[in-house]
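> Sequence and predicted model, in that order:
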Amino acid sequence: MSFIEFRDVSKQYVMGEVTINAVDGVDFEIEEGELALIVGSSGAGKTTVLNILGGMDSASGGQVHVDGEEITRFGNRKLIEYRRNQVGFVFQFYNLIPNLTALENVEIATQLSANPHQPQEVLEQVGLGDRLQNFPAQLSGGEQQRVSIARALAKNPRLLLCDEPTGALDYATGKQILQLLQKTCKETGTTVIIITHNTAIEPIADRVIRMRSGKISKVSKNKEPKDVADLEW
Amino acid sequence: MTKALFRDTLRAIRKTLSRFVSIVIIVALGVGFFAGLKAVSPNMKQAAVDFYRQHQLADVVVQSTVGFDENDVEAVLAMPGVKSATPSRSIDGILYKDETQEDGAIDMKMEQSMSGTSYVIRVIGYDFSQAVGSGSERLDQLQLVKGNWPSRPDECVVSVYANKMEPDRYKIGNIIHVRGDHEDLLDTVKSEYYKVVGTVYTPEFIAMELGPSQAGGGELSGYVYIPDQAFKIEYYTTLYIGSQAAAGKAAYTSAYNNAVRQLTAVIENAAPDVVRARAERIGDEYGPQIEQGKKDLETAKTEGKAQLEKAREDIAYLMKMAKDGPALFAKEKKAAEDKLAKAKADYEQGQKDYQANYAKYEKGLEEYKKGAELVNEHPDAMIEYENGKNQLERAQNSYEMAKMAVSAGRSAIRVANSAIASGDPQRIENALGILASYFPMTEEDQTVEGLQKRVDEAEKELIDQEAALKDAEKDLEDGKKQLKEAEALIGQLKKFQAAEKQLRAAKVQLDLAWAKLQAAPAQIEAGEKELAVTLVQKEKELAGAISKSQTAEDDLARAEEEYKTKVADGERKIRRYENQMAALPNAQWMVSDRDDFPGYTNYGNTSDNMEQFALVFPVLFFLIAALVSLTTMTRMVEDERTQLGVLKAAGYSAGAIAFKYLFYAFTAGLIGSVLGLAMGFSLIPIAIFKAYQILYLIPTMHPGFFLDTAFVGMAAALISTVGAVIFSVLSAMRHRPAELMRPKAPKAGKRIFLEFFPFLWKRLKFNGKVTARNLARNKKRVLMTFAGIMGCTALLLTGFGIGNSIGTMLDKQFGPESIMKFDGQALLQANMKAGDEAVLNVFVQPGRLENILPVYMKKMYAGTEAFGRQIDVTIAVPETIAKIPDFVSLRGEKSGAPITMGEEGCYINGKTAEMMNLKPGDKITIQSGAMKAEIPVAAITRNYVYHYIYLSPACYEKYFGVAETTYNVVLLKLNQALNKNTGPDKDIQAAKSARAQLGRDLSDTAEVITVVYNQSIIDSVGAMIKIMRNVIVAVFTVAAGALAFVVLYNLNNINIYERIRELATIKVLGFYDKEADFFIYRENIIITIFGILAGLALGVPIHGFVIRTAEIESMMFVRTLALPNYFAAAIITAIFAIGINLMMHKKIKEINMVEALKSVE
């Protein structure tokens, strides 16, 4: 069994009288330690998939297995524990807490985890060793996103979920972030799943899952993924 | 304002409805409390004034120690300023409860009042044709509420209040039983039983406390109205007087008080003359009655004694019976048995006798038979014998005659011979005469010769006769011999006859004996039977006698008891009448005005107090309303910055743009005000009035609308809401449109002050740091939350503090270890001089009274020139100032240090000193009528209720120019046993009844009018105070709760709204619900703790302020707070805060992570 398995997962939103099928019959697998991309245009249902996988949203049907456990059957508390111990999130808009310093923003996550990394070390790893005491407002977008990644990694998660991590960043910064994520995946063996609408970065992933209109259109595997540094887009 | 803007405003309201509503609520609370509390006093007073008018409440009530008659009424009506006068009769009795026992006997039990003494009930006469609406001029009119007016002397109406509070007693249809206290009620009225037939409103008793009574324990517990015709007495007991000048004036105003004060003075001045006349009129009436009473009592005594004596004898007999019974019984039994044995012996003897007698009889019969034969042989013997005997007797007689004739002849011859011999013719003649009677004679014989011749012849004849006599004698002898022979036979015959008779009698007797012998065995048997029956009966009688003697003993004991009480009652009655007679020279009127009516003054004070609170509360609410409006409006303006910018860019003027927010705030303020006024003017006065209806019998109140109050309240509300908007809009308007259109950058995090102290900062845990920074980030909101909590705590502390201040006042004044250390006071009939043994002896009550102190007490007026007016004070002049510490604890007003009373100067209470700004050494003017003195203040003493000024007799005499102080009151210190107020209920009850008994005994004496105990003051006023305290605490708690709710809810809402992304993020990170809650709660907890601490600090001065403003002139509340007050305030605030945080939990839990994180606006 794969590390992550989606089996016929669907999600409907009821908006007044209209029912929207956000995702419908999604099936895919991701192996442990892989860097996976979920690619599709906006509205394709990628974020919904990520939310369900991250335990932030529940599926309307189907099963999701993570490391052999069926998270679609978890109750509220087990879901929180799952988020707390297994998953790290990186958001498009960083979602740092404004009145906490970079270090504190990481600490807020590490204090939850059973087996965390040293916050300071993680921040040093992401290249922010000299910005520990800065507040988010004092950091650039890329720096903020790195804090965000550091926050996610510091928990020592088995699964890192990134929702358009470069969406709000310029090319160079975005590239740095992707590099960081790839490096993390390789060096720590963390399973990293990135959501993006940018098909150009597909070669960096071990596995690419393409989505369209709430369905999987294609799943492909790169035998030899490219290093982010080597890729131009 | 364009239509679009208007619509936009409405939409804004709809969108932010919860905020809008919270502004409306806080404004409504502020305005409502302000208007409501402000309206309480005028409403309550108006209700009372209407009620008094409708019922024509008397202005002055006069009572007399000697009652009133028509002359008195006329005298009063003639006084200037008197509009009307209504005399009335009443009597105070004791309420009893009749319980029918199983055996049908009725057991009468004395009912108890709430304070545990006997239940004194006043029976008041009333002419029911003069009720409210009858157009009568009568004062103190009744109004029928339910049922009917009484039509019989044994029917009554009761007050609606009593009917409501004590339904078991005063239900319509119930029968109540009233008995006299010292006297027979039937001396005064026609019935002891009254059926309740209706309920009425009366202006006479408007409060729960009904005032004093001379009966029972000294306090009145109930009253009923009965037809005036049901009274037997001629005189009146009470005189209600209406004032001309006060007629148009509203009660509780100074105009009214002044008018009445004038009338009171007039009446008091005229009283001595009127009362003296009345005393003289009744003086004659009493004397003979008392004499008669004494006589009756003596008779009753003698009769009673005789009856008892008889009963005692009976018992002695029975006792003896019971005691000697067994011996007596044995003796009687023995006698009866002996008798029976004797009867048996007799029977046996009788049988023997009979047999012997019968043998004798048979022998007699034998002899008789022999006799019978003899009789047969001589059938005529008897007759012959009788004939012979008769013949013999006749012969004997003849012989005797003849013999006598011979002897007489011979003596005649002898006479004749001697006559012849004498030759005396006379003698011869006589002899011839004698001789002639024996012998025939002729004429010629009547000579001597003739005589001689005759004698010779007679001689011869006589010799013949003597010879014949000799023959007769011989015959006679023979006859006698024959008769003697016959006599023997006759004797035998006679004997036989006697024997026959005897025999016959013996036979009869034998027969009788036989019959008797025949009956004897049956008789003996019957005797035996009877004996047995008698014995059983006697045995029973004996047993009966024993038990009888016991019940008889009990009966006797009871009878003796009854006799004793009867005699004691009678003696007491007589003593009372005598005392009354003795008191006649001291007869006086007690003139009271409405201030003395039970409940009247308290009612006024109560309503005034409420007005004072009106000033404290709402200010706080308005302040909070302004703050809440400010936050809400700022939030709203912040949320709509972009729109503001667009509008500004579009060229709308600042005013036009601001108008939306102004309109928003104005609408909220207006709606809040109107709601507040509507509810405040109705709900609060009604609620408070309803609460006080537990204490006061003012039936209805019509809540009024007070324009000035409404205006002030509304203005304050609008200023605080609209002002807040102006402030926040203006600060936003300073920005340029472009700035406004950009989203306002989230407040950047920054270092806080605390971080510059690393040694502190490092100690903080991570969560602590976050909290500290959050607190620093939103200073405004934090401050307001803090203010809300602080206000809540301060309000609660104030509320509980007032409760404490009012609640403990009585205890501190009258309770154990308090200021008034004496337990009661006896009011004297006449003032006594110092050391007056006659009076003091009355109070020698071993085991009941520990100590006494005569005091001169008088209500006077005190003031200073600077103070500008006078207040009511009571001066107290103790006979012995050295004894004061045992009776009154004089302590320094502030220090509490004991003060020793000296001879010089007066000792005034703290409140008086405070009002007049007096220090020791200053002078105070004390006045009563023409008596006036300016006295230096010696010290200021602690006191809570009323104003007391203590003076030594020397000081009193010196400054008032009195020659010698006389004392009208005796302070009493009870024995421990009579003063128990804690411990088992039984002991408390026993102490209560012992106190009541002492009160009765003292007031029965000629010296004492009445006795009042401090405990009964505590009991009666205590109930009122408890309600007052509960009302206040409830009002404060509700207000504090409302405040805490509105402020905390609103601010927390805004807090969560502003930090929704933060909360969503931490939830995604895996915060449990609780951890997420505490992300918010932690700051709240800290604010709450600091808010509570600050509130406790703030509450102290607020409480002080409220207490001082709420204080009425005649009282000084306890101004300190008790430790439990602080705890209660803190804990209740914490509970409110926790409650609101729990409500927030739901909000936090419901935050949708996905939605919240979707995008930045």
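All right, it came through fine. Numbers count the residues shown, from 1 in each chain, chains lettered A, B, ... in the order given.
> For residue B:175, which residues are in contact?
Residues counted as contacts of residue B:175 (C-beta atoms under 8 Å, 6 or more residues apart in numbering or on different chains) are B:193-196. Backbone N, C-alpha and C define where each C-beta goes, glycine included.
> Tell me the spacing between whichever residue of chain B sits closest to chain A and residue B:758.
Nearest residue of chain B to chain A, counting by C-beta to the nearest C-beta: residue B:1070, 2.7 Å away. To residue B:758, residue B:1070 is 30 Å away according to C-beta to C-beta, to the nearest Å.
> Looking at those two, which one has more neighbours?
residue B:1070 (24 against 9; other C-beta atoms under 10 Å in any protein chain shown).
> Got phi/psi on that one?
Backbone dihedrals for residue B:1070, given as degrees, to the nearest 10, come out at phi 110, psi 20.
> ditto for residue B:1012
Backbone phi and psi, for residue B:1012 under degrees, to the nearest 10, turn out to be phi -120, psi 130.
> Identify the bridge partners of it.
Residue B:1012 forms beta bridges with residue B:825, as assigned by DSSP bridges.
> Identify the spatial nearest neighbour of the residue in chain A positioned nearest to chain B, chain neighbours not counted.
For chain A, the nearest residue to chain B under the criterion C-beta to the nearest C-beta is residue A:84, separated by 2.7 Å. Closest residue to residue A:84 apart from its sequence neighbours, by C-beta to C-beta, 6 or more residues apart in numbering or on different chains: residue B:1070 at 2.7 Å.
> thought the one you found was touching residue A:88?
No. At 9.8 Å, residue B:1070 does not count as touching residue A:88 under the criterion of C-beta atoms under 8 Å.
> residues in contact with the residue of chain B closest to chain A?
Contacts of residue B:1070 by C-beta under 8 Å, 6+ apart are A:80-81, A:83-85, A:87, A:112.
> Could you tell me which helix of the chain is the longest one?
Looking at chain A here, since you left the chain open. helix A:171-188 (DSSP state H).
> look at chain B instead
helix B:448-583.
> Give me the residue at the spatial middle of the chain.
Picking chain A for this. residue A:161 (1.4 Å; C-alpha atoms, centre = their mean).
> my bad, chain B
residue B:118 (1.8 Å).
> how about low-confidence regions in chain A?
Scanning chain A for pLDDT under 70 picks out no residues.
> Which parts of it are strands?
All strands of chain A, identified by DSSP state E, fall at A:4-15, A:18-30, A:35-39, A:61-66, A:69-70, A:87-90, A:159-163, A:191-196, A:207-212, A:215-221.
> and the ones you listed, which is most packed in?
Burial of the strands of chain A is given as mean neighbour count (mean count of other C-beta atoms under 10 Å in any protein chain shown); strand A:87-90 ranks first at a mean of 27.
> any bit of that one sitting next to chain B?
Yes. Judged by C-beta under 8 Å from any C-beta of the partner chain, strand A:87-90 comes into contact with chain B through A:87, A:89.
> ok, the residue nearest to residue B:889 when sequence neighbours are not counted to residue B:601 distance?
Closest residue in space to residue B:889, ignoring its immediate chain neighbours: residue B:819 at 5.2 Å, by C-beta to C-beta, 6+ apart. Using C-beta to C-beta, residue B:819 is found at 22 Å from residue B:601.
> looking at this, residue B:827 is in a strand?
Yes. Counting by DSSP: H, G, I helix; E, B strand; the rest coil, one finds residue B:827 located in a strand.
> does the residue lying closest to it once chain neighbours are set aside count as helix, strand or coil?
Excluding the flanking residues, the one nearest residue B:827 by C-beta to C-beta, 6+ apart is residue B:1009, at 4.6 Å. At residue B:1009 the chain is in strand, as set by three-state DSSP.
> isn't residue B:1009 right next to residue B:831, touching?
No. Here residue B:1009 lies out of contact with residue B:831, judged by C-beta under 8 Å, at a distance of 11.9 Å.
> the more surrounded of the two?
Neighbour comparison, residue B:1009 and residue B:831: the larger count goes to residue B:1009, with 19 against 15 (by other C-beta under 10 Å).
> For chain A, what lies in contact range of chain B?
Counting by C-beta under 8 Å from any C-beta, chain A sits next to chain B at A:51, A:54, A:56-57, A:76-77, A:80-81, A:83-85, A:87, A:89, A:91, A:93, A:95-101, A:104, A:107-109, A:111-112, A:135-138, A:151, A:155.
> Just the buried residues of these.
A:51, A:54, A:56-57, A:80-81, A:83-85, A:87, A:89, A:91, A:93, A:95-101, A:104, A:107-109, A:111-112, A:135-136, A:151, A:155 (16 or more other C-beta atoms under 10 Å in any protein chain shown).
> Skipping adjacent residues, who's closest to residue 134 in space?
Because you didn't say which chain, this covers chain A. residue A:102 (5.4 Å).
> Hmm, no, I was thinking of chain B.
In space, residue B:134 is closest to residue B:141, 7.7 Å off (C-beta to C-beta, 6+ apart).
> Also residue A:70?
Per C-beta to C-beta, 6+ apart, closest to residue A:70 is residue A:63, 5.4 Å.
> Am I right that the one you found is in contact with residue A:10?
No. Using C-beta under 8 Å, residue A:63 makes no contact with residue A:10, being 10.9 Å away.
> Quick one: mean pLDDT over the longest helix of chain B.
What helix B:448-583 shows for mean pLDDT is 79.
> any idea how far the nearest residue to residue A:162 once chain neighbours are set aside lies from residue A:222?
The shortest distance from residue A:162 to any non-neighbouring residue, by C-beta to C-beta, 6+ apart, is to residue A:90 (4.0 Å). Noted for residue A:90: a distance of 22 Å to residue A:222, by C-beta to C-beta.
> list the contacts for the residue nearest to residue A:134?
So residue A:102 contacts A:123, A:128, A:131-136, A:139, A:143, A:147, A:150 (C-beta under 8 Å, 6+ apart).
> before we move on, what about residue B:841?
With C-beta under 8 Å, 6+ apart, residue B:841 has no contacts at all.
> Regarding residue B:252, what is its secondary structure?
Applying three-state DSSP: residue B:252 is coil.
> how many neighbours does it have?
Neighbour number of residue B:252 under other C-beta under 10 Å is 22.
> Quickly run through the sheet partners of the longest strand seen in chain B, with directions.
As assigned by DSSP E, the longest strand anywhere in chain B is strand B:849-863. Sheet pairing of strand B:849-863 (DSSP bridges) gives strand B:870-878 (antiparallel), strand B:923-928 (antiparallel), strand B:966-974 (antiparallel).
> Now do it, average pLDDT.
Rounded mean pLDDT across strand B:849-863 is 87.
> Can you mark which positions in that strand are buried?
B:849-857, B:860, B:862-863.
> when you compare where the longest helix of chain B runs with where strand B:1008-1013 runs, what's the angle?
Angle of helix B:448-583 versus strand B:1008-1013, following axes from the mean of the first three to the mean of the last three C-alpha atoms, to 10 degrees, is 50 degrees.
> Other residues contacting the helix or strand immediately after helix B:448-583 in the chain?
Next along the chain after helix B:448-583, taking DSSP states H and E as the criterion, comes strand B:589-593. Residues from elsewhere that reach strand B:589-593, judged by C-beta under 8 Å, 6+ apart: B:59-65, B:260-261, B:264, B:267-268, B:271, B:274-275.
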